[in-house]
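Engineer: Give me coordinates for this.
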Amino acid sequence: MKSITLSLLIIILTIAGYSQTPKTDTLFDFENYTLGSTPSGWSTALTGRGKMCDWLIVNDNGNKVLAQTSSETPDYRFNLITNNNLISKNVEISVRFKAKKGRGDQGGGPVWRYKDENNYYVARANPLENNYRVYKVVNGNRIQLKSATIKMSSGKWYHLTIVMQGDSIQCYFNDNLALQVTDSTFPDSGKIGLWTKSDAVTWFDDLKVKSF
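Structural biologist: Residues are numbered from 1 along each chain as shown. Sure, this is the predicted structure:
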């Protein structure tokens, strides 16, 4: 009788969704990396034209952060760094960013479901344009999915959060939902990383990834 009751309980919990794999958290605060180095376990890449980008650990008032430090100016130039071992499909990504400088472009944001330097999703905030956008990059071509106008400034820290489950994408700015869209171009798991455009020198910190 007890075994039958237990079996029924397992079936009920499964139907309710309790058998799903729980979320797992990974946090990168970059404190354990060496200043002036590209963090081990990460790979840089470039979509478009120009020299390879430079991603380095820098000091922010005693706090270590990851910075895209290249000032290469081709407009169609996307600077990328991805974690070699972090691969997710359904995922929540949060990161803090601060735009330091850039005449043609500023800001940046996370990438996910990254296949290679020419195929991935990206959401980025740009203080020069005061907007927050989500794109897909397909065969090297960036395609805008949605945009929101948000006032922001260079030299200040902001918080971006991306949630993608199935084909649903939600993009938060400072914990407020700003963008929501569906897209099925990249249905499978991919790498997680960070992105800037052109000459945007941007700092990132506290990258947190939840896979579920």
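Engineer: ok, so what distance separates residue 148 from residue 196?
Structural biologist: Distance of residue 148 to residue 196, given as C-beta to C-beta, to the nearest Å: 19 Å. (C-beta placed from N, C-alpha, C; glycine too.)
Engineer: Neighbour count for the two, which is higher?
Structural biologist: A direct count of neighbours by other C-beta atoms under 10 Å for residue 148 and residue 196 places residue 196 higher, at 31 against 17.
Engineer: Bridged to that one, which residues?
Structural biologist: Residues in a beta bridge with residue 196, per DSSP bridges, are residue 79.
Engineer: pretty sure it is in contact with residue 66, am I right?
Structural biologist: No - using C-beta atoms under 8 Å, residue 196 is not in contact with residue 66, being 11.1 Å away.
Engineer: packing partners for the stretch of helix or strand residue 114 belongs to?
Structural biologist: Element membership for residue 114, per DSSP states H and E: strand 109-116. Applying 3 or more C-beta pairs under 8 Å, 6 or more residues apart in numbering; DSSP states H and E, we find strand 109-116 packed against strand 77-88, strand 91-101, strand 119-126, strand 157-165, strand 190-197.
Engineer: How about that strand, which residues are buried there?
Structural biologist: Under the neighbour-count criterion of 16 or more other C-beta atoms under 10 Å, strand 109-116 has 109-114 buried.
Engineer: same thing with stretch 120-129?
Structural biologist: Within stretch 120-129, the residues scored as buried using 16+ other C-beta under 10 Å are 120-127.
Engineer: what about it, distance to the chain center?
Structural biologist: On the basis of C-alpha atoms, centre = their mean, to the nearest Å, stretch 120-129 sits 10 Å off its chain's mean C-alpha point.
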